[in-house]
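In: With the sequence up front, the predicted model follows.
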Amino acid sequence: MTEKKSAAFIKKQPVALGCALFCLLLGVAAYFRSGSLADANNILADKKSEGEHLKENVNNSSKLEEQFAAMTQATQAIEARLVHADQLAINLQYFYKIESESQAKLANLQQTTASAKDLGKSAYPGVGYTISVQGTYPQVLDFLRRVENGDHFSRVLGLTLTQGGGGETAGNAPASLSLNLSLELLGLP
């Protein structure tokens, strides 16, 4: 097309050319905005989740003082039940008290030390004990239950229950049993 023909065409069809130009501009704008729409949706989703998280924090903060008091009380209750590894006499006295309550006889009681590897794993490492107890079945079982449900948190690592003294004695006397016990009490180094 020559210049005259194109000028004449523009003069004849100004509305059609304006609409075509407008459609072309809309197409270009839609093309460039399509990429930013996905980004804008991602940003909106991030802002929504952050807003919900902040709303939950504000709602939960109303109970924060009560929860802190409850956690402090629970921590104090746990720390009251801990064994201190350096207080050997007090720790052994705990087992002697259980011995007298259960009527079982302690044959051997030793506090073992935790390894340096175990001490670094937890704020409250276990203080180990090896115990040998002798008595009748109810006495030995009562001793074990008192250790498990006692003043300190305990974990039985291993136990061996054997019959001692060759079975039943004369008459109706019950057989003597021997319990070898390896356990840990939750404590402080």
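Out: Received the coordinates, thanks.
In: Mind jotting down where the helices sit in this structure?
Out: Taking DSSP state H as the criterion, the chain carries its helices at 3-12, 14-61, 64-80, 88-102, 116-121, 137-148.
In: winner for burial among those?
Out: Of the helices of the chain, the one with the most neighbours on average (mean count of other CB atoms under 10 Å) is helix 137-148, at a mean of 18. All C-beta atoms are positioned from the backbone trio N, CA, C, and that covers glycine.
In: I'd like to know which elements that one is packed against.
Out: helix 88-102, strand 126-135, strand 154-164, strand 176-188 (3 or more CB pairs under 8 Å, 6 or more residues apart in numbering; DSSP states H and E).
In: out of the ones you listed, nearest to V28?
Out: Of all the helices and strands packed on helix 137-148, strand 176-188 sits nearest to V28, with 71.2 Å by CB to CB.
In: Name the residues of the closest one that are buried.
Out: 176-179, 181, 183-187 (16 or more other CB atoms under 10 Å).
In: same check, this time on stretch 153-165
Out: 153-154.
In: Take the buried residues of strand 176-188 and write them to CSV, including distance to V127 and pLDDT.
Out: As requested, those are arranged in CSV below (distance: CB to CB, whole Å; pLDDT from 0 to 100):
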residue, distance to V127, pLDDT
S176, 29, 88
L177, 26, 89
S178, 24, 90
L179, 20, 88
L181, 14, 89
L183, 10, 89
E184, 6, 88
L185, 5, 87
L186, 8, 85
G187, 4, 82
